[in-house]
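Trainee: dropping a prediction and its sequence here:
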Amino acid sequence: MSDATLNTREATPEAGFGDYVALLKPRVMSLVVFTALVGLLAAPGYVHPFIAFCAILFIAVGAGASGALNMWWDADIDKLMRRTAKRPVPAGKVMADEALAIGLTLSAMSVVFLWLATNWLAAALLAFTIFFYAVIYTMWLKRWTPQNIVIGGAAGAFPPMIGWAAVTGDVTLESALMFALIFMWTPPHFWALALFINSDYENASVPMLTVTHGKRVTRRHILAYTLLLAPLAVGTAFTAIGGWIYLTVAVVLNAAFLWGAVRIWLRDEATAEADNYKTEKQVFKLSLLYLFAHFGAILAEAALAPWGMGGW
Amino acid sequence: MSFREPHELHTRRKGRNIGVGLTLTVFIFIVFGLTVVKVTRGDFEPPRGTQTEGS
């Protein structure tokens, strides 16, 4: 090998295995795995442990595939934002065509194998979720409307419904409520984040609410969605997946989340900038705990039910 | 005969090959495991017809 060929190879770096894993957005995948697992375990009925494992794995792979498709399409704007510039495609570690090929292949495989492992409804919901995230959200809504987060949030809300359908072969009130919980949680969660990383979205011309309508309107929207979320989250306690544990968690965390949203609403930009968006960052962190604890409580209710402790 | 010192590129390529190899191995075990579970549960048995007397 001459020096010239060696230098050429160095100019176009080959991806390592970790770069392909990063393409599947493992952090997003972990949330998908957790909520899908809760949906699966909270569902009435028995599923063989190995089939349950496979179902969660294929849902996770499907989520990863949609992440790869998202990175393929969004490479141009990802490289303009600090938060996303190091992703494998904008960083030049993985070629865009490779990301597309991996995304399409894993999408097809995850849907077909989920169908073979469980049932057609779970597979159809997974296929719709991938389509919704990759096409409806990534290709259409994200660059078109400031409501991108609201409607696009549906893609992240499907996993517990898929997990539930994998066991029951059905969509019920309980699985719809788990969907609604994530759906209504997504806007205040992302808008709290957008309040303190606004400049990134501006650089990439993504019509985030903070960019198109300003932070005052965004603060009002966070409060409005949190007000809508609270009765939904607490009301879920009185269904088959709820119980005393869930009710306690829901009341405490919704009170805290509402108080946080009110504080965000009351603040003006000068105050927020003065303390480096302290409240907004606190509410964003609280929102992560909020979702984890709600689904953790649903899981606890299901896990304790055989001992007569979970549920009502 | 002399061996060149492995380039960083070769290390990365080796890691990728091992990763892909392990992924494919896990995939094979998953398909095998699914098949075993499905067959032992009787998922692939043909539906039993109603038996009539004398048949």
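Mentor: Everything's here; your move. The shown structure was predicted, so the numbers you read here are calculated from the model rather than taken from an experiment.
Trainee: so who does A:I149 touch?
Mentor: A:186-187, A:190-191, A:208-209 (C-beta atoms under 8 Å, 6 or more residues apart in numbering or on different chains). Yep, even glycine has a C-beta here, placed from its N, CA and C like the rest.
Trainee: next one: A:P207
Mentor: With C-beta under 8 Å, 6+ apart, A:P207 has these contacts: A:143-146, A:148.
Trainee: same deal with A:E202?
Mentor: Per C-beta under 8 Å, 6+ apart, neighbours of A:E202: A:V211.
Trainee: can you tell me which residues in chain B are near chain A?
Mentor: B:7, B:9, B:12-13, B:15-16, B:18-20, B:30, B:33-34, B:37, B:41 (C-beta under 8 Å from any C-beta of the partner chain).
Trainee: from those, list the buried ones, please.
Mentor: B:12-13, B:16, B:30, B:34, B:37 (16 or more other C-beta atoms under 10 Å in any protein chain shown).
Trainee: need the contacts of A:P207 in JSON lines (columns: distance to A:K25, pLDDT and secondary structure).
Mentor: Formatted as JSON lines, the contacts of A:P207 follow (distance: C-beta to C-beta, whole Å; pLDDT from 0 to 100; DSSP: H, G, I helix; E, B strand; the rest coil):
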{"residue": "A:R143", "distance to A:K25": "19", "pLDDT": "89", "secondary structure": "coil"}
{"residue": "A:W144", "distance to A:K25": "22", "pLDDT": "90", "secondary structure": "coil"}
{"residue": "A:T145", "distance to A:K25": "23", "pLDDT": "91", "secondary structure": "coil"}
{"residue": "A:P146", "distance to A:K25": "23", "pLDDT": "89", "secondary structure": "coil"}
{"residue": "A:N148", "distance to A:K25": "17", "pLDDT": "88", "secondary structure": "helix"}
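Trainee: report the two of the residues you listed separated the most.
Mentor: Using C-beta to C-beta, the pair of the contacts of A:P207 lying farthest apart is A:R143 and A:P146, separated by 10.8 Å.
Trainee: so those two - more neighbours on which side?
Mentor: A:P146 (20 against 15; other C-beta atoms under 10 Å in any protein chain shown).
Trainee: pretty sure the more buried one contacts A:L209?
Mentor: Yes. With contact defined as C-beta atoms under 8 Å, A:P146 and A:L209 form a contacting pair (4.4 Å).
Trainee: and the contacts of stretch A:123-139?
Mentor: A:58-59, A:62-63, A:65-66, A:69-70, A:73-74, A:103, A:107, A:110-112, A:114-115, A:148, A:151-152, A:154-156, A:158-159, A:161-162, A:165, A:171.
Trainee: my guess is A:L40 contacts A:W164, does it?
Mentor: Yes. Contact status for A:L40 versus A:W164: in contact at 6.8 Å, counting by C-beta under 8 Å.
Trainee: out of those two, which sits in the busier spot?
Mentor: A:W164 (31 against 27).
Trainee: can you tell me the closest non-neighbouring residue to A:V61?
Mentor: Counting by C-beta to C-beta, 6 or more residues apart in numbering or on different chains, A:S110 is the residue found nearest to A:V61 once chain neighbours are left out, at 4.2 Å.
Trainee: next one: A:L80
Mentor: Here the residue nearest A:L80, using C-beta to C-beta, 6+ apart, is A:A204, at 4.3 Å.
Trainee: check which helix or strand covers the residue most central in space within chain B.
Mentor: The geometric centre of chain B, computed from its C-alpha atoms, lies nearest to B:I28 (C-alpha atoms, centre = their mean), at 1.0 Å. Per DSSP states H and E, B:I28 falls inside helix B:8-41.
Trainee: quick one: list the elements packing against that helix.
Mentor: Secondary-structure packing of helix B:8-41 (3 or more C-beta pairs under 8 Å, 6 or more residues apart in numbering or on different chains; DSSP states H and E): helix A:17-23, helix A:49-78, helix A:96-117.
Trainee: separation between the most centrally placed residue in chain A and A:F190?
Mentor: The centre of chain A sits closest to A:G156, judged by C-alpha atoms, centre = their mean, with a distance of 4.0 Å. Distance from A:G156 to A:F190, counting by C-beta to C-beta, to the nearest Å: 10 Å.
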